[in-house]
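Undergrad: Pasting a predicted model and its sequence here:
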Amino acid sequence: MDGVVSGFVQDSITKETLVGATVSLVGTRLGSITNKSGFFSIPKVATGKYTLRVSYVSYKTNELPIVVEETGSLSLRVLMVASSVMGNEVTVQADRIDERRQINVSRVNIPMAQLSQIRIGGEADIFRALQMLPGVLTSSQISSGLYIRGGSPDQNLVLLDGMTVYNPTHLFGFISAFNNDAVKDVELLKGGFPAEYGGRMSAVLNVTQKDGNQDHVEGLVGVGLISSRASAQGPIGNGSWFIGGRRTYLDLLLGLLPSDPESPFPSFNFYDVNAKITQNFGPYDKVSISGFLTSDALGLEQPGLLFEIGIGNKATSARWSHIFSPDLFSVFTVSASNYRNGFNGNNSGFRFEISNSITDYTIKSELEWFATNKLTIKGGYEGNLFNFTYAQTTGSGDESSPGQSSTSLLNIWDNLHNLFAQGNYLATEDVSVQFGLRSNYWSKSNLLTFDPRAAVRVQLTEDIAIKGAWGIFHQYLRLAAAPDFSFFDTWLPTDNTVPAGRSDHYIFAIETKPWDGFNFNVDVYYKSLFNINELRQNQTRASSVAEVFYVGNGHAYGLEFFLQKKMGKLTGWIGYGLGWVNARFDSVNRGEEFRPKYDRRHDVKVNALFTLDERWDLGASFIFQSGQSYTGATSQLMGGAPGWDGGLVMVNPSQRWGLRLPASHQLNLNVNYKTTIFDLPLRIFLDIYNVYSRRDIWFRYYDTTKPLPEVTDVRLLPILPTISFELKF
Amino acid sequence: MNFNYVQWLVKPLATISISVMLFTACADPVPDDYTEEVVVEGFAISGRPLNNIKIYRSIPLSDTFKLSSAIITDAQIFVSENGTPVQMEFVPDSLGGRYQATDTSFRVKPNSTYTLNVSARGKVLTGTAYTPNDFSWLKKPADTLMYPGLKNEIKIYDSLNISWTPTPSASRYVIAMECLDTIRYGVYLQTPTADSNRRIRDKEQFESGSLIASERTRFGFALVSNTPTVWLAFKWFGAHRLHIYSGDKSFSDWFSLVGFGRASQYDYRRGSIKGGLGVWAGATPITADIFLKKDKP
């Protein structure tokens, strides 16, 4: 009689579950990979004695003798010991068996240890690290928005413990709002993602927070140039807790300096808080409650002028994992996520206020059935209740005594229902297929759509596999945002004046292991984009979504090379992407096809981390990208108005984004030193951002205030050395 | 297996680096080519003469913009009012010249359609403007206002509230505050003095550095038919004329492009001339005179 071997893989000290660990039975072709909850299941295991092998990056491989008896099931908790140096542990044949089950087209999983080494201004940033991957572009060095394979940032689904995050950035897009100290796992699906994910056209970024140390209380304090942070975690009951936060202190420092009341310093601060509490209720149930809070505030007050800008996210989720049986795992999640931003200003009596928010209440249930050694089926339901608000007021006076004003208000409730089912089937030893279907019903538009997904993996030789994926991806939410700043993002639903966005992905990939410890992948992709949007600038009033956006189509295609080394003293990757993006809108560029500003033909990324010894780590990253686009001009004219003696000079533009700026490139270096202070581990980080101080062009425009229109370049940051510290206790 | 760094890391990196250097040259220089366009700028303002239609060619970026050298003096221009032709002529002036109704007593009418047809430099340009119905004040601004001082600008004053009868066709109203005399001040007082006029603020927040910083008229918008008149509307003290324009869509679009004085790039979607660039728009105004008194000499 066959049995089931299942259980959890955890860190031996903190008891933190490990996501994506490889579990196999030595000498067989049976195995599994832990899911987002750290759970694995190997069904249809014949009675007998086995050696269970578990491996995970940065941990020593664990081998346990097990016995599967006639009672049929064996439930385990496998504890993994961290390796202080990424040793040359080699994943052997069993890993490859399980990789054949997991198709994972265009999936990138970078170890947190590597992600944390990529810093800007002393701040480790997940988005900055992901921008080091081929096919992931940015609008500029000071923006953390991810343009993935021709898709814009609003086309990416960003999840934190199952909560959707609608604006995951600080400092108007400069860094992400995710605190690395709170993050356990980051998974990026650049395209062709399975049916369990939906609502976005391009990519999925799935971030999992740490549960917390179940063994003892520990903490961390870090001080950097931009912000400082602190976190603590520890056991509670039959589980753990984690809390961490960051705050910038620029406003506190400036407050200590004398300032001219006629021309004061602007006040700016941001903070974020992550919290999580987890409890195990017996061997089959686990409940976790997560919270996430971010805030950015900018203000200025001087005679005759005041303004305040506030941006923030609030999100919470409760997740219950239940094991019905060794081969049936479920997750039930309820969450609420709110993103809001607001501006209010008063310039010499003219008052202007604008605010908007999106609130998303979600309920999601998933069942994962490890039906056989060859077949895993996953299915579930997701329901979203949305509330969109928008308010704009112009008038006089101030907040305490407002004068006459006019206000535009929008308050929309809407709901979305999704059902999905997907299966992973190991057709033969060398061929696995993934198939899925997601159905979506959007209440406001009374629209029902279906998103089929399919993927296949064929193991050609021991070291070479080819993969393919195809899928349809619908999106109902639209983002009105400026391309370079995450400043005034406004999420809107698709109503019956515009069709839903949709993309079709076609991906072909070759996956190889040229040498032990190396992965080399080549991806070729084509993505067609339907009903994408561009903001109608200068629109002061709108009663429908069609009045807010121009709607058009586009397509993106390209190829990517990615060579990655995850283990050993030297780790890192080299990536090269070659890509094209084109769009066409009836009301943009006179209806002619154009490339978006963020289209970059060549994209080279090199990242390396070298562990010199137990105390010293050296890191370097190099980026080279084709220049962004700019719009030229062919002549100049004047714009007059009744009552003006002259007017203002304007240039007549040529093809939109039709010209290319010089290529951008940058080298960053970092040095990490480990020591102790009062017997506590201390790390000192020295980072040099933009080592040779190349001031890339952020954007180019024509300055028409001069006697002759002058082409003016606004350049980005120069060399920026920083030092930061991290103390653990 | 030993890792051969030279073979598997250094060589590929070197290859990539060299390739990168080759790609570095792939940037487009700032273009210097010139494409001439014909530009029309004209407004049909109800109650006012049709006397300031400019037709000119766009000029190269390498030249300093001088309207007088760009004006097209030999354009064929046809204007009709509700289908009835209006005779037009070219009149030279200090800015190079303009086209106006031959009959100088002609006044634009409300609730009328004005079509424009221009032939110039081998191109045909057309446009249609519409003037909304007349409307009137419900509450005019006070004819004299006392400036409260820079630090009190954000406070409210009931005397600043103004309102007018709404016009259904207007999605928004353009508000223009025109300073009638930037030099003299004291001559307008009940007891005249020799006091001269001056600017209210040393620095205008959003106009500073722009070409319209010295213009006597500042524009704003109102989304409904009432608004407080705010101190921001005034750049000087002294005699002013407040205009409220109810315009057609072309008028509103044009002002969203140029009204704040910061546009450096023409947007064809804000223009209203087919076959060329520029604006042909209609509006109906109401006006009121205001004298802004100084808070201090």
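TA: Noted; the coordinates are in hand.
Undergrad: Low-confidence stretches in the stretch 1-150 of chain A?
TA: The model of the stretch 1-150 of chain A has pLDDT under 70 over residues A:1, A:71, A:84-102, A:121.
Undergrad: Strands along that one, start to end?
TA: For the stretch 1-150 of chain A, strands defined by DSSP state E, counting those that start in this stretch occupy the ranges A:2-11, A:22-25, A:31-33, A:39-46, A:48-55, A:62-68, A:73-80, A:107-108, A:119-120, A:123-124, A:136-137, A:147-148.
Undergrad: centre of the chain versus the last one, how much separation?
TA: A distance of 10 Å separates the C-alpha centroid of strand A:147-148 from that of its chain, computed with Cα atoms, centre = their mean, to the nearest Å.
Undergrad: cool, the longest one as well?
TA: Shown here is strand A:2-11, whose average C-alpha point lies 30 Å from the average C-alpha point of the whole chain (Cα atoms, centre = their mean).
Undergrad: Nearest residue to the middle of chain A?
TA: With distances taken as Cα atoms, centre = their mean, the residue of chain A nearest its centroid is A:Leu205 (4.1 Å).
Undergrad: Just confirm it is within a strand.
TA: Yes - assessed by DSSP: H, G, I helix; E, B strand; the rest coil, A:Leu205 belongs to a strand.
Undergrad: So for the closest residue to it other than its chain neighbours, what pLDDT did the model give?
TA: Counting by Cβ to Cβ, 6 or more residues apart in numbering or on different chains, A:Val158 is the residue found nearest to A:Leu205 once chain neighbours are left out, at 4.9 Å. C-beta coordinates here come from the backbone N, C-alpha and C atoms, glycine included. Confidence at A:Val158, expressed as pLDDT, is 94.
Undergrad: so what strands line up beside the one helix or strand A:Gly383 maps to?
TA: Using DSSP states H and E, A:Gly383 maps to strand A:375-397. Here strand A:375-397 is paired, per DSSP bridges, with strand A:350-369 (antiparallel), strand A:402-426 (antiparallel).
Undergrad: Just put the strands of the stretch 1-150 of chain A in a markdown table and tack on mean neighbour count.
TA: Below are the strands of the stretch 1-150 of chain A laid out as a markdown table (neighbours: other Cβ atoms under 10 Å in any protein chain shown):
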| stretch | mean neighbour count |
| --- | --- |
| strand A:2-11 | 22 |
| strand A:22-25 | 25 |
| strand A:31-33 | 23 |
| strand A:39-46 | 21 |
| strand A:48-55 | 18 |
| strand A:62-68 | 14 |
| strand A:73-80 | 17 |
| strand A:107-108 | 22 |
| strand A:119-120 | 25 |
| strand A:123-124 | 26 |
| strand A:136-137 | 24 |
| strand A:147-148 | 27 |
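Undergrad: closest to chain B out of those strands?
TA: Of all the strands of the stretch 1-150 of chain A, it is strand A:136-137 that lies closest to chain B, at 15.4 Å by Cβ to the nearest Cβ.
Undergrad: is the closest one up against chain B anywhere?
TA: No - Strand A:136-137 does not reach chain B (Cβ under 8 Å from any Cβ of the partner chain); its nearest approach is 15.4 Å.
Undergrad: Direction included, what does that strand pair up with?
TA: Note on strand A:136-137: by DSSP bridges, its sheet partners are strand A:147-148 (antiparallel).
Undergrad: Output the helix or strand that the partner strand is followed by as CSV, restricted to C-alpha atoms.
TA: Where DSSP H and E defines the elements, the next helix or strand beyond strand A:147-148 is strand A:156-160. Taking only C-alpha atoms (Å, rounded to 0.1, in the frame of the first residue of the first chain), the coordinates of strand A:156-160 have been written out as CSV:
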residue,chain,number,x,y,z
ASN,A,156,2.5,44.1,-12.3
LEU,A,157,0.7,42.3,-9.5
VAL,A,158,2.5,43.1,-6.3
LEU,A,159,1.6,40.8,-3.4
LEU,A,160,2.8,40.8,0.2
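Undergrad: which parts of stretch A:320-328 are buried?
TA: Judged by neighbour count using 16 or more other Cβ atoms under 10 Å in any protein chain shown, the buried positions of stretch A:320-328 are A:Trp320, A:Ser321, A:Ile323, A:Pro326, A:Asp327, A:Leu328.
Undergrad: Name the helix or strand for the first one, please.
TA: Applying DSSP H and E as the criterion places A:Trp320 in strand A:305-325.
Undergrad: Would that strand count as contacting chain B?
TA: Yes - if you take Cβ under 8 Å from any Cβ as the test, strand A:305-325 does meet chain B, through A:Leu305, A:Leu306.
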